[in-house]
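>>> Quick one, what's the 3D model for this:
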Amino acid sequence: MGMARYVVDAVLLEGRGVREVAAAHGISRSWIYELLGRFRAGGYGALELRSHRPHSCPHETPPAVVQRIVELRRELAGQGHDAGPATIAYHLSWQLNEAPSRTTIWRILQREGLVTPQPQKRPICSRIRFEAQLPNEMWQADITAWTLADGEIAEIFNLIDDHSRLHLGSYAHTRIKAADVVESFHRAAELHGLPESFLSDNGAVFVGSYRKGKVALEYELERLGVEFKNSRPYHPQTLGKVERLHQTLKRYLAKQAPARTLAELQEQLDAFAHYYNAIRPHRALGGRTPLQAYSARVKARPAGTPARTYFRVRSDRVDDTGKVSLRFDSKLYKIGLGRSHKGRVVKLLIADQEIRVIDSNGELIRELTLDTGRVYQPLARA
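Predicted coordinates for the structure are as follows:
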């Protein structure tokens, strides 16, 4: 018998006084009167311990948002994409005015039984990560295999920028030859410019030193002034970023219909590259996409080559104070457009320090030369 029921029986059945029972058991009279009131209203069942949880919580995540988080988790995982809290938060930010934090999303996923504990994984804080300081400072390249619908093995050549994780190219072949590597390198260079250095493993299509010679890629990089680097044998950690890209790519391909031909596989590779570069936020990049990180800084180039004009297009929304943000050469600047444009979606067309701001209809709002000596770029007064 619980204390609450004992107290009620002592007063109502035994006829003992409230003061006497309170003194005998060291409890307050007000609590005894509260128990008597509960008993009269609901019998012995009303004497059970009650939860102290409030009836409502003003900051509780609405059920509709919780449902959308669960749906996004299943949709992204079903498509073979990353479905972690950071990615879900990124997608929700485009759908809701106020999206929950990543921590809140993680707690919701855990509560819904959608988080699989992985205690064997090393904590992120224990990792020592190398990262190039500028885009195009170093490209990583590697080859991985994938099985087509008929069981034929295809080879995929992947290129990634070490600084921004930009997926520079993904090319499918029946078997990759030295000439294919050179051609794929030039296709990426036509879009993104030449890198300062190029890192690969010691595969036969990359290195010819163990045959006491050079392969086509080595000759071509030497001609272009691109520094060639190799990882240590049996040490894939040196190529960690492109190795991780292989894993992410294969997780995506495993959720697609098996490709019957190289052309179908190439279409899947192109679709993955677009999502990976422009849509999926990257945790190692502070929640930015690889394309945003790649576009935020001037590009490195082979030693002795002239600088190229730095072209970039950035979308933004004018804030409440009438300004938009622009990161140039790793520094953040504020560009004034006026409060009359508050909330307006604009595009910034950037060519080195020459900037034009246009609206969604292509109308020019402001044109300026970025003054790197000041953070805020005010409107010119008439």
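
>>> List the buried residues of stretch 343-358.
Within stretch 343-358, the residues scored as buried using 16 or more other Cβ atoms under 10 Å are Arg344, Val346, Lys347, Leu348, Ile350, Ile355, Val357. For the C-beta atoms, the positions are set from N, CA and C on the backbone; glycine is no exception.

>>> now stretch 107-118
Quick answer for stretch 107-118 (16+ other Cβ under 10 Å): Ile108, Leu109.

>>> Report the beta-bridge partner residues of Gly336.
Taking DSSP bridges as the rule, Gly336 bridges to Lys323.

>>> Give me the phi and psi angles of Val357.
phi -110, psi 120 (degrees, to the nearest 10).

>>> That one contacts Arg344, correct?
No. Applying Cβ atoms under 8 Å as the test, Val357 and Arg344 come out as separate, 10.0 Å apart.

>>> Next, show the common contact partners of the two.
With contacts taken as Cβ atoms under 8 Å, 6 or more residues apart in numbering, Val357 and Arg344 have Leu337 as neighbours in common.

>>> Leu364: neighbour count?
Neighbourhood size, Leu364 [other Cβ atoms under 10 Å]: 10.

>>> Enumerate every residue touching it.
Each residue near Leu364 by Cβ under 8 Å, 6+ apart is listed here: Arg356, Val357, Ile358.

>>> same question, Tyr90
If you count contacts by Cβ under 8 Å, 6+ apart, Tyr90 has them with Arg280, Pro281, Gly287.

>>> Buried residues, the helix or strand it falls within. List them.
Element membership for Tyr90, per DSSP states H and E: helix 85-93. By 16+ other Cβ under 10 Å, the buried positions in helix 85-93 come out as Pro85, Ala86, Thr87, Ile88, Ala89, Tyr90, His91, Leu92.

>>> same question, stretch 142-152
Asp142, Ile143, Thr144, Trp146, Leu148.

>>> Pull the most distant pair out of those.
Asp142 and Leu148 (19.9 Å; Cβ to Cβ).

>>> Show me the buried residues of stretch 142-152 that map onto strands.
Among those, DSSP state E puts Asp142, Ile143, Thr144, Trp146 in strands.

>>> Pull the contacting residues for the last one.
Counting by Cβ under 8 Å, 6+ apart, Trp146 touches Ile153, Ala154, Glu155, Ile156, Ala172, Lys250, Leu253, Leu265.

>>> Look up how far Gln256 lies from it.
11 Å (Cβ to Cβ, to the nearest Å).

>>> Same question for Pro135.
29 Å.

>>> Nearest to Ala300 among the buried residues of stretch 142-152?
Asp142 (20.6 Å).

>>> Does that closest one have any beta-bridge partners, and if so which?
Note on Asp142: beta-bridge partners Asn158, judged by DSSP bridges.

>>> Run through the helices of the stretch 251-382 of the chain in chain order.
Along the stretch 251-382 of the chain, counting by DSSP state H, counting those that start in this stretch, helices occupy 262-278, 290-295.

>>> Out of those helices, which is the most enclosed?
When the helices of the stretch 251-382 of the chain are scored by mean count of other Cβ atoms under 10 Å, the highest mean neighbour count falls to helix 290-295 (a mean of 21).

>>> coming back round to it: same drill for Pro135 and Gln256, tell me which one is more crowded.
Set Pro135 next to Gln256 and count neighbours by other Cβ under 10 Å: Pro135 wins out with 25 against 15.

>>> residue contacts, that one?
Asp161, His163, Ser164, Leu166, Ala293, Tyr294, Arg297, Lys299, Ala300.

>>> re earlier: please check the contacts of Trp146 and keep the buried ones.
The buried subset of the contacts of Trp146 (16+ other Cβ under 10 Å) comprises Ala154, Glu155, Ile156, Ala172, Leu253, Leu265.

>>> Find the nearest non-adjacent residue to Arg165, please.
With Cβ to Cβ, 6 or more residues apart in numbering as the criterion, Arg165 has its nearest non-adjacent residue at 4.5 Å, and that residue is Pro290.

>>> Distance check, the one you found against Gly80.
Counting by Cβ to Cβ, the separation of Pro290 from Gly80 is 17 Å.

>>> what about the strands in the protein?
Remark: strands assigned in the chain by DSSP E are 139-147, 153-161, 167-173, 197-200, 227-230, 311-317, 323-328, 331-336, 345-351, 354-359, 364-369, 376-377.

>>> Off-centre distance for the second one?
By that I understand strand 153-161. 22 Å (Cα atoms, centre = their mean, to the nearest Å).

>>> ditto for the shortest one
Using Cα atoms, centre = their mean, we find the averaged C-alpha position of strand 376-377 to lie 29 Å away from the chain's own average C-alpha position.

>>> same check, this time on the first one
On the basis of Cα atoms, centre = their mean, strand 139-147 sits 22 Å off its chain's mean C-alpha point.

>>> and Val7, what is it in contact with?
Neighbouring residues of Val7 by Cβ under 8 Å, 6+ apart: Val21, His25, Ile27, Ile32, Leu35.

>>> ok, now with 10 Å
16, 18, 21-22, 24-25, 27, 31-32, 35-36, 39, 47 (Cβ atoms under 10 Å, 6 or more residues apart in numbering).

>>> do the same with Glu75
By Cβ under 10 Å, 6+ apart, the residues touching Glu75 are His81, Ala83, Ile88, His91.

>>> of all those residues, which comes closest to Ser209?
His81 (39.2 Å).

>>> That closest one - how many residues pack around it?
His81 has 20 nearby residues by other Cβ under 10 Å.

>>> Okay, and which of the contacts of Val7 map to helices?
Val18, Val21, Ala22, Ala24, His25, Trp31, Ile32, Leu35, Leu36, Phe39 (DSSP state H).

>>> of all those, which two lie farthest apart?
Ala24 and Phe39 (19.1 Å).

>>> Counting neighbours around each, name which of these two comes out higher.
Phe39 (20 against 11).

>>> pLDDT score for the more buried one?
On pLDDT, Phe39 comes in at 87.
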